[in-house]
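A.B. asks: Here is my input; please provide its structure:
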Amino acid sequence: MLPGPNFPPSVLQTPGFAHYSLAWSPFHSNRIALASSANFGLVGNGRLHIASMGPAQNPGAPPMLQCDKFFESQDGLYDVAWSEVHENHIVTASGDGSIRLWDIMLNNFAISAWQEHTREVFSLDWSNIKKDTFASSSWDGTVKIWTPDRPRSVVTLQAHHSCAYQALFSPHQPDVLATCSTDGTVKIFDLRTPSYAPTSNTFTNPMSAAVLTVPASGGEILSLDWNKYRSFTFATGSVDKMVKVWDCRMVNMNETNKVGGICELQLPGHEYAVRKVQWNPHRPDVLATASYDMTCRVWNTSSAANGPRLMHIHDPHTEFVVGCGWSLYEEGVLASCAWDGRLNVFRV
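C.D. replies: Okay, here's the model as predicted:
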């Protein structure tokens, strides 16, 4: 149990490795995986850290974070996702375009590897509905769907013409997937629907056209997340320092089948690009964000909110904060990771 919100955070430092992403285990309430890279991910190897939270060493001290195990990779790691069916399995996304599956009870080597992306793999998402499936997105503009027991991807989506920063399954519809990109759009795909190619008046398979395209920013969109309670709502974070909340149903279609950008809510406040957004799994109106301004922030998105939207600023990091994640088991507990090699766990 983490102490109250005014208590210092629990901290784990990993010298020589900058963190890019974190993920709480869906099976163990105190276990966190970290995707990390040497030299800020520019060159060199990567490392998968498995951390856990134990009891406080001294009365009045925060619970202790410790690194239980780590695995080396030949290139930097940018993202990590826990399996939804096996408590010890985890996939990592690498700068060399590879995806690896690890068993954290074994030593040294990954148990599976896939090499289809031609550029950096920047995000991974394991479906919490169709639990034998995960998705990857890459700087090559594609999104691929995988199952761990197959040697090749199941589906390839030509999601964007430029870098696809993130791809996320809807937590409400197992075949709905959203992506965000350098082109400033969020695209939503329905994997049950063949795509229509207007140039040839034919349907294509695998799917390559989105069922909905939302021009959500004038700049690059670095992160998105589906609301866990509202099936049509998602949030975006972008290089224009803005956090936005969208409803898929609130769109204006035009002749090019794109929408006229109806945004439910805008949350200004970050001083630099927003690198990560994540909805609270316990409350529908609470959103966490991480930014290059070296802060992690928590927002109230309720339509009935009176007063400031900003609920909390977490600012002990000394480098870019690029990852944040809510505990799946303990309400109000948030983790953040940054290029300073620190993992912080604290209560909001």
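A.B. asks: which regions of the stretch 151-300 of the chain lie under the pLDDT threshold?
C.D. replies: Counting by pLDDT under 70, the stretch 151-300 of the chain has low-confidence residues at 193-208, 251-261.
A.B. asks: now the helices: where do they sit in it?
C.D. replies: Per DSSP state H, counting those that start in this stretch, the stretch 151-300 of the chain carries no helices over any range.
A.B. asks: neighbours around the residue lying closest to Ser138 once chain neighbours are set aside, how many?
C.D. replies: Using C-beta to C-beta, 6 or more residues apart in numbering and skipping the chain neighbours, the partner closest in space to Ser138 is His117 (4.0 Å). All C-beta spots, glycine's among them, are computed from the backbone N, C-alpha and C. Residues near His117, counting by other C-beta atoms under 10 Å, number 26.
A.B. asks: Who are the contact partners of His117?
C.D. replies: For His117, the contacting residues are Gly97, Ser98, Ile99, Ser136, Ser138, Asp140, Thr142, Lys144, by C-beta atoms under 8 Å, 6 or more residues apart in numbering.
A.B. asks: can you do 6 Å?
C.D. replies: By C-beta atoms under 6 Å, 6 or more residues apart in numbering, the residues touching His117 are Gly97, Ser138, Asp140.
A.B. asks: wait, isn't the second one in contact with Val121?
C.D. replies: Yes - when contacts are counted by C-beta atoms under 6 Å, Ser138 is listed as touching Val121 (5.0 Å).
A.B. asks: So between these two, which is more surrounded?
C.D. replies: Legend: neighbour count by other C-beta under 10 Å for Ser138 and Val121, higher for Val121 (31 against 26).
A.B. asks: Just the pLDDT for the more buried one.
C.D. replies: Val121 is assigned a predicted lDDT (pLDDT) of 97.
A.B. asks: Spatially, which residue comes closest to it, not counting chain neighbours?
C.D. replies: Spatial nearest neighbour of Val121, chain neighbours left out: Ala93 (3.8 Å); criterion: C-beta to C-beta, 6+ apart.
A.B. asks: got it, and Asp315?
C.D. replies: With sequence-adjacent residues excluded and distances taken as C-beta to C-beta, 6+ apart, Asp315 is closest to Thr295, at 4.7 Å.
A.B. asks: Neighbours of that neighbour, how many?
C.D. replies: Thr295 has 21 nearby residues by other C-beta under 10 Å.
A.B. asks: Could you do Lys228 as well?
C.D. replies: By the measure other C-beta under 10 Å, the count of residues near Lys228 is 18.
A.B. asks: check contacts around it.
C.D. replies: Pro171, Trp279, Pro281.
A.B. asks: Make a markdown table out of these and add neighbour count and distance to Lys241.
C.D. replies: As requested, these are arranged in a markdown table below (neighbours: other C-beta atoms under 10 Å; distance: C-beta to C-beta, whole Å):
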| residue | neighbour count | distance to Lys241 |
| --- | --- | --- |
| Pro171 | 18 | 27 |
| Trp279 | 24 | 19 |
| Pro281 | 17 | 25 |
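A.B. asks: For Arg192, state which of these is nearest.
C.D. replies: Arg192 lies nearest to Pro171 out of these, by C-beta to C-beta, at 16.9 Å.
A.B. asks: gap between that closest one and Ala33?
C.D. replies: Counting by C-beta to C-beta, to the nearest Å, the separation of Pro171 from Ala33 is 19 Å.
A.B. asks: which non-adjacent residue is nearest Asn280?
C.D. replies: Asn280 sits nearest to Val286 (C-beta to C-beta, 6+ apart), 3.9 Å away.
A.B. asks: Show me where the stretch 1-150 of the chain dips below the pLDDT cut-off.
C.D. replies: Where the stretch 1-150 of the chain drops to pLDDT under 70, the residues are 1, 6.
A.B. asks: go with 90
C.D. replies: 1-8, 40-44, 54-63, 107-109 (pLDDT under 90).
A.B. asks: So which of the contacts of His117 are in helices?
C.D. replies: Among those, none falls in helices (DSSP state H).
A.B. asks: Is Arg76 in contact with Ser36, as I believe?
C.D. replies: To be clear, residue 76 is Gly; Arg isn't right here. No - Gly76 lies out of contact with Ser36 (C-beta under 6 Å); the separation is 7.9 Å.
A.B. asks: Give the burial count for the residue nearest to Val121, as a bare number.
C.D. replies: Ala93 sits with 27 neighbouring residues when counted by other C-beta under 10 Å.
A.B. asks: can I assume it sits in a strand?
C.D. replies: Yes - counting by DSSP: H, G, I helix; E, B strand; the rest coil, Ala93 is located in a strand.
A.B. asks: start at 16 instead
C.D. replies: Renumbered: residue one is now 16, and that last one reads Ala108.
A.B. asks: give me every residue that touches it.
C.D. replies: When contacts are counted by C-beta under 6 Å, 6+ apart, Ala108 touches Tyr93, Asp94, Val136, Leu139.
A.B. asks: picking up where we left off before, separation between the residue nearest to Asp330 and Leu237?
C.D. replies: The gap separating Thr310 from Leu237 is 15 Å, by C-beta to C-beta.
A.B. asks: How about Gly69?
C.D. replies: 33 Å.
A.B. asks: out of these two, which sits in the more crowded spot?
C.D. replies: Set Gly69 next to Leu237 and count neighbours by other C-beta under 10 Å: Leu237 wins out with 26 against 12.
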